[in-house]
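>>> Have a look at this prediction, sequence included:
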Amino acid sequence: MDDTIKSLKDELDEMKKKYIGEQRKNELKYNKNLNSINQIFTSTVCSIFEKMKTENNNTEVDGIINATLNQLAILNNEKSTYLTH
């Protein structure tokens, strides 16, 4: 009886380890995808603003670029907070 319990406990421990490993892999994949999305979005938005800057009032567009970068910093901070919980 003790051998059966020990065997089941060992099997459960192994399943827990596999689960934790899979969870870590999923978190890494999520972080990688989220970072890629952020980079694509940010570079696209900044490219658009830079193009607008050459065609419009530079000061006005600079304000928009700075506001966008501030929002990105807030999003990155929130992402960090979310991922640490």
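It's in. Values in this document were obtained by computation on a predicted structure and should not be read as measured data.
>>> can we go C-alpha only for contacts and neighbour counts from here?
OK.
>>> neighbours of Lys32, just the number please.
12 (other Cα atoms under 10 Å).
>>> Now do it against Lys17, distance only.
23 Å (Cα to Cα, to the nearest Å).
>>> go on, Asn38?
Note on Asn38: its distance to Lys17, by Cα to Cα, is 31 Å.
>>> Between the two, which is the more surrounded one?
A direct count of neighbours by other Cα under 10 Å for Asn38 and Lys17 places Asn38 higher, at 15 against 12.
>>> which stretches of this protein have low pLDDT?
55-58, 85 (pLDDT under 70).
>>> Strands along that one, start to end?
Using DSSP state E, no strands are found in the chain.
>>> max-length helix in it?
helix 2-55 (DSSP state H).
>>> from the chain's centre, how far out does that one sit?
Its chain's C-alpha centre and that of helix 2-55 lie 8 Å apart, by Cα atoms, centre = their mean, to the nearest Å.
>>> which secondary structure elements does that helix contact?
Packing contacts for helix 2-55, counted by 3 or more Cα pairs under 8 Å, 6 or more residues apart in numbering; DSSP states H and E, involve helix 58-83.
>>> neighbours around Val61, how many?
Counted with other Cα under 10 Å, the neighbours of Val61 add up to 18.
>>> correction: Gln23
Count around Gln23 with other Cα under 10 Å applied: 12.
>>> now Phe49
Around Phe49 there are 19 residues (other Cα under 10 Å).
>>> I'd guessed it sits against Gly63; true?
No - using Cα atoms under 8 Å, Phe49 is not in contact with Gly63; the gap is 10.2 Å.
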